[in-house]
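Enquirer: okay, predicted coordinates and the sequence, questions at the end:
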Amino acid sequence: MSLKALDYESLNENVKNCQYAVRGELYLRASELQKEGKKIIFTNVGNPHALGQKPLTFPRQVVALCQAPFLLDNPNVGMIFPADAIARAKHYLSLTSGGLGAYSDSRGLPGVRKEVAEFIQRRDGYPSDPELIFLTDGASKGVMQILNCVIRDQKDGILVPVPQYPLYSATISLLGGTLVPYYLEETDNWGLDVNNLRQSVAQARSQGITVRAMVIINPGNPTGQCLSEANLREILKFCCDERLVLLGDEVYQQNIYQDERPFISSKKVLMDMGAPLSKEVQLISFHTVSKGYWGECGQRGGYFEMTNIPPRTVEEIYKVASIALSPNVSAQIFMGLMVSPPKPGDISYDQFVRESKGILESLRRRARIMTDGFNSCKNVVCNFTEGAMYSFPQIKLPSKAIQAAKQAGKVPDVFYCLKLLEATGISTVPGSGFGQKEGVFHLRTTILPAEEEMPEIMESFKKFNDEFMSQYAD
Ligand SMILES: Cc1ncc(COP(=O)(O)O)c(CN[C@@H]2CONC2=O)c1O
């Protein structure tokens with residue numbers, strides 16, 4: 001009997017080949033255990049509100065009014081909503097063509113794209129053109145759209161950092177391209193050595209791969225490192241020399257927990273370098289409302305900005321975006337609010353600053369608690385989380401544990417994370433889900449559990465880990 005189109009055996013091989021570990025084996029097992037009544041700490045996903053973080057008040061007030069504009073006609077609306085939220089809601093509704101229920105332009109509402117451009121100009125000190133900014137359903141969709149333009153066939157390679165966020169490996173696989181790894185240096189605080197880039201490109205070319213693009217994730221996921229200005233200059237020079245488009249994933253630009261390396265955008269460094277590079281290097285920069293002190297993951301709001309991309313290419317990207325008709329309109333309003341928050345003197349300014357500062361300061365403290373917690377454990381070493389939302393400790397597994405994993409038919413760090421989950425309910429992602437050097441093992445957890453629960457979580461981890469290391473001691 002011939003196979004039907006959606007029989008597993010006849011599925012698109014690229015679909016079957018792609019992997020996305022953030023919601024993989026560990027997550028599925030944790031969900032099963034939860035159904036059986038076990039208390040699970042889902043610290044596998046950078047999903048702040050799922051771990052108890054409260055949404056910022058002002059954006060929710062504005063979007064609530066946009067979703068229910070009839071409230072604006074209620075004479076008592078001023079008793080419940082501050083005047084600046086009411087004003088902003090009216091502003092955004094005026095930008096739409098019929099409220100939140102109507103499709104917007106496929107690139108997003110022009111008025112919001114203008115706000116994003118103004119944000120970028122204030123941040124970097126260089127012009128930004130709203131026509132070169134597309135709003136997307138989360139940064140994920142923007143990344144997928146651009147990789148879809150770049151990857152023509154299996155011979156096309158994309159330079160991706162290892163460890164990497166598996167949106168990249170999964171999308172490259174789905175699109176039938178080739179991932180070209182460049183390894184970050186754990187002993188150098190996950191530093192990026194341009195010589196590694198050159199080696200990776202040479203290796204790929206020797207195998208007939210045309211390297212077309214390079215991904216940087218700054219701050220890094222899962223590694224948390226913040227790229228220095230000097231490093232960014234080297235990378236941009238490298239992309240210019242090798243004629244690579246640079247995909248700058250900057251979704252964690254608000255999540256910075258140290259003062260030595262503040263966030264600096266690839267766009268700013270590129271413009272600072274001046275011609276010819278500032279006119280030559282093709283750069284796509286991504287941002288989102290899912291991270292930072294917003295954490296509005298479920299809203300699905302993102303954007304990408306295009307730099308030095310030919311007009312005909314921009315038209316093609318627009319054409320493909322049109323197939324999906326419209327980005328999520330309420331998410332676009334969240335994006336507008338994120339890039340243009342309450343200003344000094346606004347009624348909601350003090351509350352907004354209090355809430356956002358409180359979240360960031362707590363994340364900074366939690367990054368420190370978690371890093372120190374891991375470093376107090378036997379056979380565990382952990383770089384400090386300079387930025388982003390994750391901790392990525394190296395677990396030095398004894399050979400007996402590696403043997404036991406093999407007998408259980410599991411990759412060693414999957415074996416360790418499953419044991420951790422069963423013993424403590426802490427749901428993590430094994431380092432193998434992000435890529436790592438041969439014979440070195442990690443796990444990724446988020447720094448998102450509530451601050452008051454963090455010491456107990458780290459105690460529970462330490463108890464498990466030290467017992468595990470004794471049980472499997474060589
Ligand atoms: C580096 C990076 N880029 C893009 C995204 C996608 O963001 P959007 O929500 O805007 O699509 C994520 C999400 N981080 C995932 C989600 O939670 N945990 C993670 O590692 C990310 O970590």
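Expert: On my side now, so go ahead.
Enquirer: tell me the contacts of Ala64?
Expert: Applying C-beta atoms under 8 Å, 6 or more residues apart in numbering, we find Ala64 in contact with Leu71, Phe81. C-beta coordinates here come from the backbone N, C-alpha and C atoms, glycine included.
Enquirer: from Leu72, how far out is it?
Expert: 11 Å (C-beta to C-beta, to the nearest Å).
Enquirer: helix, strand or coil for the nearest residue to Val77 once chain neighbours are set aside?
Expert: Distance criterion C-beta to C-beta, 6 or more residues apart in numbering; nearest residue to Val77, sequence neighbours excluded, is Leu71 at 5.5 Å. At Leu71, secondary structure determined by DSSP: H, G, I helix; E, B strand; the rest coil is helix.
Enquirer: which elements pack onto the worst-scoring helix or strand of the chain on mean pLDDT?
Expert: None of the helices or strands of the chain scores lower by mean pLDDT, DSSP states H and E than strand 41-42, at a mean of 90. When contacts are defined as 3 or more C-beta pairs under 8 Å, 6 or more residues apart in numbering; DSSP states H and E, strand 41-42 sits against strand 426-427.
Enquirer: quick one: distance of the strand it packs on to the chain centre.
Expert: 20 Å (C-alpha atoms, centre = their mean, to the nearest Å).
Enquirer: I'd like the average pLDDT over it.
Expert: Strand 426-427 shows a mean pLDDT of 96.
Enquirer: anything in it near the ligand?
Expert: No - remark: strand 426-427 sits outside contact range of the ligand, by C-beta under 6 Å from any ligand atom, the gap being at least 12.1 Å.
Enquirer: give the other helices and strands that that strand contacts.
Expert: helix 25-35, strand 41-42, helix 454-471.
Enquirer: just these: most buried one?
Expert: strand 41-42 (a mean of 20; mean count of other C-beta atoms under 10 Å).
Enquirer: roughly how far is it from the heart of the chain?
Expert: 19 Å.
Enquirer: what lies in contact with that strand?
Expert: Contacts for strand 41-42 (C-beta under 8 Å, 6+ apart): Tyr27, Ala30, Ala50, Leu51, Thr424, Gly425, Ile426, Ser427, Pro449, Glu453, Ile457.
Enquirer: number of nearby residues for the residue nearest to the last one when sequence neighbours are not counted?
Expert: What it means is Ile457. Closest residue in space to Ile457, ignoring its immediate chain neighbours: Pro449 at 5.5 Å, by C-beta to C-beta, 6+ apart. By the measure other C-beta atoms under 10 Å, the count of residues near Pro449 is 21.
Enquirer: for Pro449, what are phi and psi?
Expert: phi -50, psi 150 (degrees, to the nearest 10).
Enquirer: I'd guessed it sits against Met458; true?
Expert: No - when contacts are counted by C-beta atoms under 8 Å, Pro449 is not listed as touching Met458 (9.5 Å).
Enquirer: contacts only, for the closest residue to Ala30 other than its chain neighbours.
Expert: In space, and not counting its chain neighbours, Ala30 is closest to Ser427: 3.8 Å by C-beta to C-beta, 6+ apart. Residues counted as contacts of Ser427 (C-beta under 8 Å, 6+ apart) are Leu26, Tyr27, Ala30, Ile40, Ile41, Phe42, Thr43, Asn44, Leu421.
Enquirer: could you dump the residues you listed to JSON lines with distance to the ligand?
Expert: Below are the contacts of Ser427 laid out as JSON lines (distance: C-beta to the nearest ligand atom, whole Å):
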{"residue": "Leu26", "distance to the ligand": "13"}
{"residue": "Tyr27", "distance to the ligand": "11"}
{"residue": "Ala30", "distance to the ligand": "14"}
{"residue": "Ile40", "distance to the ligand": "16"}
{"residue": "Ile41", "distance to the ligand": "15"}
{"residue": "Phe42", "distance to the ligand": "11"}
{"residue": "Thr43", "distance to the ligand": "10"}
{"residue": "Asn44", "distance to the ligand": "8"}
{"residue": "Leu421", "distance to the ligand": "17"}
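Enquirer: tally of neighbours for whichever residue of the stretch 101-250 of the chain sits closest to the ligand?
Expert: Nearest to the ligand in the stretch 101-250 of the chain, going by C-beta to the nearest ligand atom, is Gly138, at a distance of 2.7 Å. Residues lying near Gly138 (other C-beta under 10 Å) number 25.
Enquirer: just the helices in the stretch 301-450 of the chain please.
Expert: All helices of the stretch 301-450 of the chain, identified by DSSP state H, counting those that start in this stretch, fall at 311-323, 329-339, 349-375, 399-407, 412-424.
Enquirer: closest one to Leu109 among these?
Expert: helix 329-339 (5.3 Å; C-beta to C-beta).
Enquirer: point out the residues in the stretch 251-400 of the chain that sit beside the ligand.
Expert: Residues of the stretch 251-400 of the chain lying near the ligand (C-beta under 6 Å from any ligand atom): Val251, Thr288, Ser290, Cys297, Gly302.
Enquirer: are any of the residues you listed buried, and which?
Expert: Val251, Thr288, Ser290, Cys297, Gly302 (16 or more other C-beta atoms under 10 Å).
Enquirer: got the residues you listed as CSV, with secondary structure and pLDDT columns?
Expert: Shown next, in CSV, are those (DSSP: H, G, I helix; E, B strand; the rest coil; pLDDT from 0 to 100):
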residue, secondary structure, pLDDT
Val251, coil, 98
Thr288, strand, 98
Ser290, coil, 98
Cys297, helix, 98
Gly302, strand, 98
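Enquirer: now do the buried residues in stretch 340-355.
Expert: For stretch 340-355, by 16+ other C-beta under 10 Å, it's Ser340, Pro341, Pro342, Asp346, Ser348, Phe352, Glu355.
Enquirer: gap between that stretch and the chain center?
Expert: The answer for stretch 340-355 is 26 Å, by C-alpha atoms, centre = their mean.
Enquirer: what pLDDT does Gly24 get?
Expert: 80.
Enquirer: show me what contacts it?
Expert: By C-beta under 8 Å, 6+ apart, the residues touching Gly24 are Val429, Gly433.
Enquirer: got phi/psi on it?
Expert: Torsion angles, degrees, to the nearest 10, at Gly24: phi -100, psi -140.
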